[in-house]
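[1] have a look at this prediction, sequence included:
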Amino acid sequence: MNDTHWKRNFAILWAGQAVSVLTSSILQMALIWHLTTTTQSATVLSLASLAGFLPNAVLGMIAGALVDRVSRKTAMIGADLFIAGVSLVLVFASMDGELPVWLILVVLAVRSVGTAFHTPAITATAPLLVPVEELTKSAGYTHSLQTIGFIAGTAIASVLYPIWSISAMVALDVVGAVVACVAVTVIPIPKVERRSGSLNTNIWGEMKEGYQALKQERGLYAILWTAAVFMILYSPVNALFPLMSLDYFGGTTVHASIAEIAFAVGMLSGSMLIGVKGAYKNKGLGIPCSVAMMGVPIWLSGLLPVSGFWIFAVFCAVMGLSVPFYNAPTTALYQERIAPEYLGRVFGLYGSVCSMAMPIGLVISGIFADRVGTPKWFAITGILITILAVGMYLIPSIRGIDQKQHER
């Protein structure tokens, strides 16, 4: 690594990725709105959501193992071009008239396959470019760019969808992918030298090696499974935000948008703060506190009176603020502690476990939330997340995760 050039290389890489995230968000939201306006079916929208994350969840560990077999450049460029190429199917299909719903669902699912390869590849690249002491800040900047891309993509899609065709938005997404590929091409990315102990011709054997590499880091291994529990509890609450705004507080779609925007602003503010200042030094305390910072406002939201919407909006901002204070230090810890030749598999596993936890949480929420009411479900979930935060701090390997001679 050339320390004098790492900031330039990191900036070029993520400038390209920011463009790609923006154009992908525009297309993704346009497809969702197309399904909404043409079908007005909650079932179809649920299938679209499932198509968007299930392949990523199922293939994460396998994709991570394949990413570790090739250069990071090859993995990122290949995944970007694959996602863009799949989207081009919609251009040819639209030439014959209306896009069939089944084809859009298939495209969303196959794009998710590409994401399963791209996410561990880009996350595993950072330690090859960024000095160890700057990894947390770089994770904060990364989260900022991704958040801005998603927010801006949603806003731009709302303007373009009524006046542009799906084909035009696909073309925009292809341009974004090309920009990202060019950015990856022009910067030097060191190759990962695989040690003899990490060589295995069997994909399942390589997956097992990645799992064992993570298991040796007891603190990170504990964070993996507590993150799964957190996602089971949190993901349904995020989906219930509109119900709180519309049904309980008696608001309009404007109020629902305000709550979502407050969450996004909080998340962006936290990401930028970490990018500029860095995170807390005591991660063993800070990570559980960031989980509590999500749990407590969810808990209190469930106790608000029907006239308390604006307090709820403030709580949403605090919830959003907590996300990067959990994600950035956790990502940096994985990048610091796991050997580069295993990072693709480890991040693939982490993504799979968290993604698989989401439908479990949604099923549980669907069973109980309607019976007890949305506010009570918020309060119950908030209490459980707060208890989880305390439990995380009580786990010795998490509490002592900052120790240089960490437990194995």
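    Ah, there it is. The structure presented is a predicted model; accordingly, all values stated were derived computationally and were not measured.
[2] what about the strands in the stretch 301-408 of the chain?
    Counting by DSSP state E, counting those that start in this stretch, the stretch 301-408 of the chain has no strands to list.
[3] dump stretch 272-280 to PDB, keeping only the CA atoms.
    Below are the C-alpha coordinates for stretch 272-280, written out as PDB (Å, rounded to 0.1, in the frame of the first residue of the first chain):
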ATOM      1  CA  MET A 272     -20.700  11.700   8.100                       C
ATOM      2  CA  LEU A 273     -19.800  12.200  11.700                       C
ATOM      3  CA  ILE A 274     -17.900   8.900  11.800                       C
ATOM      4  CA  GLY A 275     -16.300   9.700   8.500                       C
ATOM      5  CA  VAL A 276     -14.900  13.000   9.800                       C
ATOM      6  CA  LYS A 277     -14.300  12.300  13.500                       C
ATOM      7  CA  GLY A 278     -14.100   8.500  13.600                       C
ATOM      8  CA  ALA A 279     -16.000   6.300  16.000                       C
ATOM      9  CA  TYR A 280     -15.700   5.700  19.700                       C
END
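[4] list the buried ones in that stretch?
    Going by neighbour count (16 or more other CB atoms under 10 Å), the buried part of stretch 272-280 is 272-275, 278-280. In short, each C-beta sits where N, CA and C put it, glycine included.
[5] sort these by pLDDT and name the bottom one.
    Among these, residue 279 carries the weakest pLDDT, at 71.
[6] and the end-to-end length of stretch 388-400?
    17 Å (CA to CA, to the nearest Å).
[7] buried residues in it?
    388-389, 392-393, 395, 397-399.
[8] tally up the residues packed near residue 289, please.
    As a burial measure, residue 289 scores 16 neighbours (other CB atoms under 10 Å).
[9] please name the nearest non-neighbouring residue to it.
    Distance criterion CB to CB, 6 or more residues apart in numbering; nearest residue to residue 289, sequence neighbours excluded, is residue 389 at 7.1 Å.
[10] related to what we said a few turns ago, using TSV, lay out the buried residues of stretch 388-400 together with pLDDT.
    TSV is the format used below for the buried residues of stretch 388-400 (pLDDT from 0 to 100):
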residue	pLDDT
388	96
389	96
392	94
393	94
395	94
397	92
398	93
399	92
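[11] take those and keep only those in helices.
    Among those, DSSP state H puts 388-389, 392-393, 397-399 in helices.
[12] of these, closest to residue 233?
    The nearest member of those to residue 233, counting by CB to CB, is residue 388 at 7.0 Å.
[13] related to what we said a few turns ago, could you dump the buried residues of stretch 272-280 to CSV with distance to residue 98 and secondary structure?
    Putting these into CSV (distance: CB to CB, whole Å; DSSP: H, G, I helix; E, B strand; the rest coil) gives the following:
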residue, distance to residue 98, secondary structure
272, 42, helix
273, 46, helix
274, 45, helix
275, 44, helix
278, 51, coil
279, 49, coil
280, 52, coil
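[14] those: which two are farthest apart?
    272 and 280 (15.9 Å).
[15] was I right about residue 223 contacting residue 330?
    Yes - judged on CB atoms under 8 Å, residue 223 makes contact with residue 330 at a distance of 6.1 Å.
[16] so what does the lowest-mean-pLDDT helix or strand in the chain touch, helix or strand wise?
    Within the chain, confidence by mean pLDDT, DSSP states H and E is lowest for helix 241-243 among all helices and strands, at a mean of 76. With contacts defined as 3 or more CB pairs under 8 Å, 6 or more residues apart in numbering; DSSP states H and E, helix 241-243 has these neighbours: helix 253-277.
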